[in-house]
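Peer 1: curious how this folds, go ahead:
(2 chains)
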2 protein chains.
Amino acid sequence: MQPIDFQTEPSRYRHWRIERDGDVAYLIMDVDPAGGLSDGYELKLNSYDLGVDIELNDAVQRLRFEHPEVGCVVIKSGKDNVFCAGANIRYLGKATHGHKVNFCKFTNETRLAIEDASQNSRQIYICAINGNAAGGGYELALAADHIMLVDDRRSAVALPETPLLAVLPGTGGLTRVTDKRKVRRDRADVFCSIEEGIRGARAVEWRLVDEVVPNSKWKDTVATRAHEIAAHSDRPKDAKGITLTPIERKIEADSVSYCYVDLEIDRARGLATLTVRGPLQEAPASVEAAHALGAKFWPLAVARELEDAILHLRANEAAIGVVLLCTDGSAQAVLEHDEFLIKANGDWLMREIRHYLKRALKRIDVTPKSFIALIELGSCFAGTLAELAFAADRSLMLVGTRKGDNRGPAAITLGRANFGLYPMGNGLTRLQTRFLGEPDALKNAETKIDTGVEGEEAANLGLVTFAYEDFDWDDELRVMLEERASFSPDAMTGMEANLRFAGPETMETKIFGRLSAWQNWIFQRPNAVGEQGALKLYGSGVSPTFNKERV
Amino acid sequence: MQPIDFQTEPSRYRHWRIERDGDVAYLIMDVDPAGGLSDGYELKLNSYDLGVDIELNDAVQRLRFEHPEVGCVVIKSGKDNVFCAGANIRYLGKATHGHKVNFCKFTNETRLAIEDASQNSRQIYICAINGNAAGGGYELALAADHIMLVDDRRSAVALPETPLLAVLPGTGGLTRVTDKRKVRRDRADVFCSIEEGIRGARAVEWRLVDEVVPNSKWKDTVATRAHEIAAHSDRPKDAKGITLTPIERKIEADSVSYCYVDLEIDRARGLATLTVRGPLQEAPASVEAAHALGAKFWPLAVARELEDAILHLRANEAAIGVVLLCTDGSAQAVLEHDEFLIKANGDWLMREIRHYLKRALKRIDVTPKSFIALIELGSCFAGTLAELAFAADRSLMLVGTRKGDNRGPAAITLGRANFGLYPMGNGLTRLQTRFLGEPDALKNAETKIDTGVEGEEAANLGLVTFAYEDFDWDDELRVMLEERASFSPDAMTGMEANLRFAGPETMETKIFGRLSAWQNWIFQRPNAVGEQGALKLYGSGVSPTFNKERV
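Peer 2: Numbers count the residues shown, from 1 in each chain, chains lettered A, B, ... in the order given. Predicted coordinates for the structure are as follows:
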């Protein structure tokens, strides 16, 4: 199978287009039925597969970076009387379990990125539903801050997954209905059981949408609402965006090389090594200089490359179970770039970059691979890049130096970035989550900002899992990797999904932890995916046969 | 297969015994290897099956009711050098998916009941580990408030499920390690990968146990600690317990009849009707009179019978997908009993009864059946029994009266009990959860305390899902039930598990929502349960063969 590529750009879009009207952008879904990622299904009625969502993800990113002047984005359909029929069922029916789970994870991340744009970039999304928004179509709408529905006695919102397909509305649908829209649970139960959905006044009364608008006033009301919302944004009306130029990368059989990231695959051992390099230049002298660097500015470049590498690993390297996280370069240069970002936080572009880094790091948190950070000579686990060590399931640090290597001892250097810039999905920083039971350790760590902490001290401070001297390093690492490789990949995935998210739960952790886990379970049940299951038989005219046992 | 019976009593225990030492009770695990619930496995090394846990659950309940003088319960092993090896693997390996899931749910509820006893009855659990506490054995210890481990260079705590069995420590283990013990996530990752576990000083340093005690001082230190803890309990030292006499019930092919609860099964329709009757007597005149009633006191009797009926439905009636919840009797009598409980809350027994009702209602919340409350003529959905309507996935209420029936219109009557007595697992009351998005509706509801609210008003207040007149009732109900019966049982289970728990998450909701869902997923994966899976091959000498794909 062709590897899945998460990079695209507007000139290559087949399913979406962006139209501008001053401070408002229309993000228009107009899916090409023949444009599926693979053969064997047609993307009718604005139904989507992963390829459609890759474009959407790209568009959401670009709107933030390339259009600082846009304060409101309106998601709408380019087709008459159809909004979006959700994920394509034939596509899902043919997909492997692994592909289905991966697809849902990515689409969930995209919806969360939409909410992140509304909340943190003040590029506020509204959704204008003209036609039926069913399943994933309504789940897309649920990601918006304001949902408008045309009142034409036909258009409705619906979550028909359960009655029609025997699966859940798993792209955040159930969670957003109860926790974001706060729909009463018995109404939610009814709503999720009605194939044809709910329309008109009842959709407002049940809080499924925010307003219904007569057909005759539809276009004007949508435009008015969008401009009203845009007027409340703090985004600069006269700033100039930067272009997210294509990521430079070289893909080979067992490696992907970017400017600041290298990914090496060792198939025999089921192992990948992901190396992130620190900045090759000094931090820019001014915000203007950083803007001029654009997509080449190190923090942005590294966010994009890291994200692409992680998505590639997930989608195209399923048999790789363990990822070694390495860094290479100058800790000082990383910290200087961090400080630049923090000091210039009032600038719209620096704000975007910080949130991009946050999202890229969050992708690691939900990636089903064991991450092991190796803090070695020449590494730069500092500030933003130290987050890689804290995102890892374990971290190993070299104590002292190595014979024949004249580089100084490995160090981990905390920066202000580690104390608030990159919250995880649970709303806490990685260090807060790490030290949930040791508040003093968190305070101690903060006193070490900007100080390189070497092996033994790092272990004593709780910043790394183990610190080994050169003499022991190779054996300890080899044993750990052999052990990890001997474990069940499924048990690892389940274990990591639980251990990574101590502390509070948020809508985001509920979506990945509770909703997705149940959906993954259902995605294996014969009632959904068996030969007589609903997902297989949908559209065939044959009704599914269910095992009635309740588990 | 023989139906599973959740009722037992100390004289019938095969696996546990209780020893008293003043204000301390020792709850001693001494599993009879030949006492398995079914054939084909031996319960070696204090490993357990559902039957062992049914006795534990019974013991935990009885200690609360029958021993008010006990302020501290010490869980320990009756075998030398063995604490508990966890769930029996051969038992799990042979069990159906449904049985495994049910078993885990019940054992999770039992561990939560232990925590509830510590927190809300001040009958505080400590665990004294002499020998290895592995898997479910350590998870049992995790339910205690204080964990002691003998320091004999052998005894260790371990969660070896992942390396040995390719499943999760799913009886709360992962969640309690990160969220109760607040073990650092990388240490938790290491701990959950080490078959032989962790012992001695490191177990304390990693916060896996609270203290290690030399062998020579073991018995004395455990006793001292237990008496110290008991001294801080507010339980009455000189009160007399009540006996939890055997529940009176008549089990027939398609029904179970109790004193206040009836369960009728309609197998053809996959439907059960659960009817709960209000009190047949007036509320007692005094606390002493309530004590004298003992297990016959209505609130306690109804809690025990309701709980037994729910457990029976789960374990023995898997093919029943829908449960109609009905009540019958005097609303006034229910409310009077509620008021009695509330006013006498300072009494230890009334406190126990209230928390028992809370736990019985919480069992409904995690039961994988669709609950539909029918609020009809002659019903008494009032106070405590109104919680049944709020626990239901939907509620239907009759408007007005019925021709030929001279009873007055159906009403739902709120009482103070609905505003704080029975929190759900998420920490909120059912009404708070219901009205998460409508705080005004919650306030309005509170103004209706003690006032019977009839059909249309109840619908307007949001207390019921639908209100129908006699003319429509039968058709509406029939269509609803036919529709529900046509849906995939798995999709219903997943949907309900998500819709029932809006709002905050707690350790308890994390255990049932996140941890259990992942475990259920793993319980279906070939890497665990296939012919070459770890659960099937454990103990055979043959290593499992894993599909290396990471999902």
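Peer 1: what's around residue A:80, how many residues?
Peer 2: Around residue A:80 there are 7 other residues, counting by other CB atoms under 10 Å in any protein chain shown. For the C-beta atoms, the positions are set from N, CA and C on the backbone; glycine is no exception.
Peer 1: typo on my end, it should be residue A:514
Peer 2: For residue A:514, the neighbour count with other CB under 10 Å is 27.
Peer 1: can I take it that it is in a strand?
Peer 2: No - assigned with DSSP: H, G, I helix; E, B strand; the rest coil, residue A:514 falls outside any strand and is helix.
Peer 1: contact partners for it?
Peer 2: Contact partners of residue A:514, counting by CB atoms under 8 Å, 6 or more residues apart in numbering or on different chains, are A:175, B:497, B:498, B:501, B:505, B:513, B:514, B:517.
Peer 1: tell me the one of the residues you listed nearest residue A:392?
Peer 2: residue B:514 (20.9 Å; CB to CB).
Peer 1: can you read off the pLDDT for that closest one?
Peer 2: pLDDT for residue B:514: 94.
Peer 1: as a markdown table, the contacts of residue A:514 with secondary structure would be great.
Peer 2: Formatted as a markdown table, the contacts of residue A:514 follow (three-state DSSP):
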| residue | secondary structure |
| --- | --- |
| A:175 | helix |
| B:497 | helix |
| B:498 | helix |
| B:501 | coil |
| B:505 | coil |
| B:513 | helix |
| B:514 | helix |
| B:517 | helix |
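Peer 1: of those, which is the most crowded?
Peer 2: Counting by other CB under 10 Å, top hit in the contacts of residue A:514: residue B:498 with 29 neighbours.
Peer 1: in this structure that residue contacts residue A:515, no?
Peer 2: Yes - applying CB atoms under 8 Å, one finds residue B:498 in contact with residue A:515, separated by 5.7 Å.
Peer 1: which residues are common contacts for the two?
Peer 2: Here residue B:498 and residue A:515 share the contacting residues A:168, A:174, A:175, scored by CB under 8 Å, 6+ apart.
Peer 1: wasn't residue A:417 part of a strand?
Peer 2: No - counting by three-state DSSP, residue A:417 falls outside a strand, being helix.
Peer 1: and it, what is it in contact with?
Peer 2: A:338, A:341, A:342, A:383, A:384, A:386, A:387.
Peer 1: try it again at 10 Å.
Peer 2: Contacts for residue A:417 (CB atoms under 10 Å, 6 or more residues apart in numbering or on different chains) come out as A:299, A:334-335, A:337-339, A:341-342, A:354, A:357, A:382-387, A:429, A:449.
Peer 1: okay, now residue A:515: neighbour count?
Peer 2: Residue neighbour count, defined by other CB under 10 Å, stands at 28 for residue A:515.
Peer 1: distance of the closest residue to it other than its chain neighbours from residue B:500?
Peer 2: Nearest non-adjacent residue to residue A:515, counting by CB to CB, 6 or more residues apart in numbering or on different chains: residue A:175, 5.1 Å away. Residue A:175 sits 12 Å away from residue B:500, going by CB to CB, to the nearest Å.
Peer 1: check whether the residue nearest to residue A:515 really touches residue A:182, as I assumed.
Peer 2: No - Residue A:175 is not in contact with residue A:182 according to CB atoms under 10 Å; the separation is 11.3 Å.
Peer 1: which residues do the two both contact?
Peer 2: Taking CB under 10 Å, 6+ apart as the contact rule, residue A:175 and residue A:182 both touch residue B:502.
Peer 1: where do the strands of the stretch 301-450 of chain A begin and end?
Peer 2: Per DSSP state E, counting those that start in this stretch, the stretch 301-450 of chain A carries strands over the ranges A:322-328, A:370-375, A:381-382, A:394-399, A:411-413.
Peer 1: chain B is nearest to which of the ones you listed?
Peer 2: Proximity to chain B (CB to the nearest CB) singles out strand A:394-399 among the strands of the stretch 301-450 of chain A, at 4.9 Å.
Peer 1: for chain B, tell me whether the closest one is touching it.
Peer 2: Yes - Strand A:394-399 reaches chain B (CB under 10 Å from any CB of the partner chain) through A:394, A:395.
Peer 1: burial of whichever residue of the stretch 1-150 of chain A sits closest to chain B, as a residue count?
Peer 2: Chain B sits closest to residue A:98 of the stretch 1-150 of chain A, with a gap of 4.7 Å, by CB to the nearest CB. By the criterion of other CB under 10 Å, residue A:98 has 17 neighbours.
Peer 1: same deal with residue A:541?
Peer 2: Using other CB under 10 Å, the number of residues around residue A:541 comes to 6.
Peer 1: any idea how far the residue nearest the centre of chain A lies from residue A:87?
Peer 2: Residue closest to the mean C-alpha point of chain A, counted by CA atoms, centre = their mean, is residue A:109 at 3.3 Å. Shown here: residue A:109 relative to residue A:87, a distance of 15 Å by CB to CB.
Peer 1: one step back: OK, contacts around the residue of the stretch 1-150 of chain A closest to chain B?
Peer 2: Counting by CB under 10 Å, 6+ apart, residue A:98 touches A:314, A:315, A:318, A:368, A:523, B:547, B:549, B:550, B:551.
Peer 1: could you rerun that using 7 Å?
Peer 2: A:318, B:549, B:551 (CB atoms under 7 Å, 6 or more residues apart in numbering or on different chains).
Peer 1: leaving out sequence neighbours, find the closest residue to the first one.
Peer 2: Take residue A:318 and drop its neighbours on the chain: the residue closest to it by CB to CB, 6+ apart is residue B:549, 4.5 Å away.
Peer 1: got it, and residue A:221?
Peer 2: Nearest residue to residue A:221, sequence neighbours excluded (CB to CB, 6+ apart): residue A:213, at 4.6 Å.
Peer 1: confirm that the one you found sits in a helix.
Peer 2: No - if the criterion is three-state DSSP, then residue A:213 is strand and not within a helix.
Peer 1: who's in contact with stretch A:301-312?
Peer 2: Contacts to stretch A:301-312, defined as CB under 7 Å, 6+ apart, come from residues A:6-7, A:247, A:256, A:258-261, A:263, A:274, A:276, A:295, A:353, A:356-357, A:360, A:363-364, A:367.
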